[in-house]
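J.: A structural model of the following input is requested.
(one chain, ligands or ions: 1)
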Amino acid sequence: MPAITVDGLSKSYGRTLALEDLSFQVEEGEVFGFLGPNGAGKSTTINVILDFIRPTNGQVTVHGMDAQAHSRDIRARTGVLPEGVETYDRLTARQHLEFAIDSKGTTDDPEALLERVGLLDAIDKKAGGYSKGMSQRLMLAMALVGEPDLLILDEPSTGLDPNGAREMREIVREENARGATVFFSSHIMEQVEAVCDRVGILRDGEMVAVDTVEGLRDSAGGATTLRVTVDRIDDDALAAVRALSDVTTATVDGQDPPVVVAQVDGSKTAVLGELEDRGIEIRDFSTREASLEDVFQSYTTGTEVEAQ
Ligand SMILES: Nc1ncnc2c1ncn2[C@@H]1O[C@H](COP(=O)(O)OP(=O)(O)OP(=O)(O)O)[C@@H](O)[C@H]1O
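T.: Residues are numbered from 1 along each chain as shown. As a prediction, the model looks like this:
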């Protein structure tokens, strides 16, 4: 049984359509990265899964239970790191943890949890004095209470420095190794590629790709980003480059001097030849293997940048 099934989900806020007929599944035991730029609809999806908001259409089940009818049971088995940090200024980390432990009726040790997230030193300090990263660590510790079957982490790296982000990924791996399903959202490919089994890419409320990290890598596979610095470029020349059979996309980056950026799946010399045949002077060029970040960008930003 999948851990999460999202089926035909739509959500409108007044005239804003935040989610449009969204369907996907998160399998039990996997780490699923929910990736999309700001405003794509990630938090809205998470809020519907947790029944914090009601959808306009569609259905969500968690461990086979309807998200609306069984929200209490679902939340009891789920650890949530919500978007935006909501700590209580006057309570210490220990008190936050004690509250979460009481609410879930578990016997966790606050010190052990805070040690895991690297916040043991501040256990008896009031959260009002915490940095963003410290608050984020505290919220993560609260999400871990009760060894939940499902962890839902909304942008868990917010406010964390690179070390903190690495530690967070380590905790995701440990939780997954213990058997938890992890669903976490991010707008940064780098954050998800290191830990996720599969990635779903959300754009404007629609899922535009769901694949394994390997599968996404393959779709970038073989492709190379070619950057050619030229003395000038015009629409006809750019169109001719785009029309070459090995070129997937071509855009122009910058103006002075212009740089033609092409995704090439094969011969790079054809691009250089096409430009030279048109009397365009090639001042420099470089090649780079397309990265997962390039794949993410091509799905989420529209690949074309008009020639200027
Ligand atoms: N309460 C609300 N009222 C009106 N519009 C909303 C509300 N919440 C979200 N939206 C809109 O719905 C769309 C999706 O927002 P959502 O917060 O789900 O995206 P997100 O992918 O989580 O973005 P971010 O990465 O910035 O958190 C956006 O256009 C947003 O402006």
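
J.: Relative to the ligand, how far out is the nearest residue to D161 once chain neighbours are set aside?
T.: Leaving aside its sequence neighbours, D161 sits nearest to G133 (CB to CB, 6 or more residues apart in numbering; 6.3 Å). C-beta: built from backbone N, CA, C; applies to glycine. Per CB to the nearest ligand atom, to the nearest Å, G133 is found 18 Å from the ligand.

J.: Let me see the backbone angles for G133.
T.: phi -60, psi -40 (degrees, to the nearest 10).

J.: Point out the residues in the stretch 51-200 of the chain that sit beside the ligand.
T.: E83, H187 (CB under 6 Å from any ligand atom).

J.: Which stretches in the stretch 201-308 of the chain count as helices?
T.: For the stretch 201-308 of the chain, the helices defined by DSSP state H, counting those that start in this stretch cover 213-220, 235-243, 269-277, 292-300.

J.: among those helices, which is nearest the ligand?
T.: helix 292-300 (10.7 Å; CB to the nearest ligand atom).

J.: Packing partners of the closest one?
T.: On a contact count with 3 or more CB pairs under 8 Å, 6 or more residues apart in numbering; DSSP states H and E, helix 292-300 meets helix 189-193, strand 198-203, strand 206-212, helix 213-220.

J.: Quick one: mean pLDDT over it.
T.: In this model, helix 292-300 has an average pLDDT of 75.

J.: mind listing what's buried in it?
T.: If you call a residue buried by 16 or more other CB atoms under 10 Å, then helix 292-300 has these buried ones: L292, D294, V295, F296, S298, Y299, T300.

J.: And the furthest pair within the residues you listed?
T.: L292 and T300 (12.2 Å; CB to CB).

J.: now, which of the buried residues of helix 292-300 sits nearest V31?
T.: L292 (15.4 Å).

J.: who are the neighbours in contact with the closest one?
T.: M189, E193, V213, L216, R217, A220 (CB atoms under 8 Å, 6 or more residues apart in numbering).

J.: which of those are buried?
T.: Judged by 16+ other CB under 10 Å, buried ones among the contacts of L292: M189, E193, V213, L216, A220.

J.: ok, the third one - contacts?
T.: It refers to V213. So V213 contacts V192, E193, C196, D197, R198, V199, L292 (CB under 8 Å, 6+ apart).

J.: you'd agree the fifth one is up against M207?
T.: No: under the contact definition of CB atoms under 8 Å, R198 does not touch M207, with a separation of 11.7 Å.

J.: pLDDT of stretch 72-83, averaged?
T.: 93.

J.: and that stretch, C-alpha only, in PDB?
T.: C-alpha atoms of stretch 72-83 as PDB (Å, rounded to 0.1, in the frame of the first residue of the first chain):
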ATOM      1  CA  ARG A  72      -6.200  12.400  13.600                       C
ATOM      2  CA  ASP A  73      -5.000   8.900  13.000                       C
ATOM      3  CA  ILE A  74      -2.800  10.100  10.200                       C
ATOM      4  CA  ARG A  75      -1.300  12.900  12.200                       C
ATOM      5  CA  ALA A  76      -0.600  10.500  15.100                       C
ATOM      6  CA  ARG A  77       1.600   8.400  12.700                       C
ATOM      7  CA  THR A  78       3.200  11.400  11.000                       C
ATOM      8  CA  GLY A  79       6.100  13.700  12.000                       C
ATOM      9  CA  VAL A  80       5.700  17.100  10.400                       C
ATOM     10  CA  LEU A  81       8.200  19.900   9.900                       C
ATOM     11  CA  PRO A  82       6.000  22.700   8.700                       C
ATOM     12  CA  GLU A  83       7.000  25.600   6.500                       C
END
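
J.: D154: neighbour count?
T.: 22 (other CB atoms under 10 Å).

J.: how much space between it and F52?
T.: Relative to F52, D154 is positioned 11 Å away (criterion: CB to CB, to the nearest Å).

J.: now, the most widely separated pair of the contacts of V213?
T.: Based on CB to CB, the longest span within those runs between D197 and L292 and measures 14.2 Å.

J.: what's the distance between the closest residue to M1 other than its chain neighbours and the ligand?
T.: Excluding the flanking residues, the one nearest M1 by CB to CB, 6+ apart is G64, at 5.0 Å. Per CB to the nearest ligand atom, G64 is found 25 Å from the ligand.

J.: Does anything pack onto the helix or strand hosting T44? Which helices or strands?
T.: Using DSSP states H and E, the element containing T44 is helix 42-49. Where contact means 3+ CB pairs under 8 Å, 6+ apart, helix 42-49 is packed against strand 4-13, strand 16-26, strand 31-35, strand 57-62, strand 150-154, strand 181-186.

J.: Rebuild those as a markdown table, extending it with distance to D89 and mean pLDDT.
T.: Below are those laid out as a markdown table (distance: least, CB to CB, whole Å; pLDDT from 0 to 100):
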| stretch | distance to D89 | mean pLDDT |
| --- | --- | --- |
| strand 4-13 | 30 | 97 |
| strand 16-26 | 31 | 96 |
| strand 31-35 | 30 | 95 |
| strand 57-62 | 32 | 97 |
| strand 150-154 | 21 | 96 |
| strand 181-186 | 26 | 95 |
